[in-house]
Every structure is written in C-alpha cells, then in structure tokens.
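*Asks:* this is a predicted model, with the sequence first.
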Amino acid sequence: EVQLVESGGGSVQAGGSTRLSCTISGTTFEDYAIGWFRQAPGKEREGVAFIDPHDGDQYYYDGAEGRFYTSTDSAQNTVYLQIDSLKYEDTAVYYCTAAPSFGTVVAGDGHWGQGTQVTVSS
C-alpha cells in the first residue's frame, strides 16, 4: 500500500522560507509522479508543483513566481517543497500526492498524504 506522510510547515513569518517533506512508502517513488497541492480556508484545492518521473521535469503553478522549488532524496524516499519569500496568501494546508501517471496526479486522483499546515504571519 502506498502511503505518504507530510511534515514541516508550521507558523512562519512573511518573507521567510519553509521546507515541506513528503515521505513515501510502499513504492519506489522514482517511478511515480509527485504533486503538491494546497487548500486555503474557504478556497478550493489548487496544485502548486509537480514532478514528472519520466523526464524529471518540474512544473509550477502560474503564481509560483519562482518562490516554489521541489527536490527529491531517493535514499530517504522523500520529496521536498521549498517555499521562499512567503506571503500571507500562502497560508494553507499543503498536501502531497503520488501516482504512476503524471496526468493522474495533476487531476488529483492519486494517493494522498494527510497534509501539513503552513501559517504565514505578518
């Protein structure tokens, strides 16, 4: 069974940085597409970053403005999401998701973690 566990986040001041972790078990994650989504209070869930395992390409949502960056550690079976220059509007629960198909991840139909809260304060 594929399981994902997020960690990191917490309360961070605006302008600061945070790094979220997503540890994957039950599969070798290099064969899986990975996605990071977030859901802010009262808003719909939105995808913010994706990794395509076939070519290793990374994709970010239009509003990323170069502040979001993903990386992987195959030894730890962990994927990271770094967010720099945090803004108040980055406050949300962040989820990682994984699936063998990139399209499945983008559609939000893969395996999900439980989420981790990021709260940006001024």
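*Replies:* Arrived safely, thanks for sending. None of the values given here were measured: they were computed from a predicted structure.
*Asks:* so which residues of the chain form helices?
*Replies:* Along the chain, counting by DSSP state H, helices occupy 102-106.
*Asks:* which residue is nearest the middle of it?
*Replies:* By Cα atoms, centre = their mean, the chain has its centre lying nearest to Trp36, at 2.7 Å.
*Asks:* neighbours of Asp31, how many?
*Replies:* Applying other Cβ atoms under 10 Å, we find 10 other residues in the vicinity of Asp31. The C-beta positions use only the backbone N, C-alpha and C, and glycine is treated the same way.
*Asks:* chain neighbours aside, what residue packs nearest to it?
*Replies:* Distances taken as Cβ to Cβ, 6 or more residues apart in numbering put Pro53 closest to Asp31, at 5.9 Å, once the chain neighbours are dropped.
*Asks:* returning to that earlier point: and the residue nearest to the centre of the chain, how close does it get to Thr23?
*Replies:* 14 Å (Cβ to Cβ, to the nearest Å).
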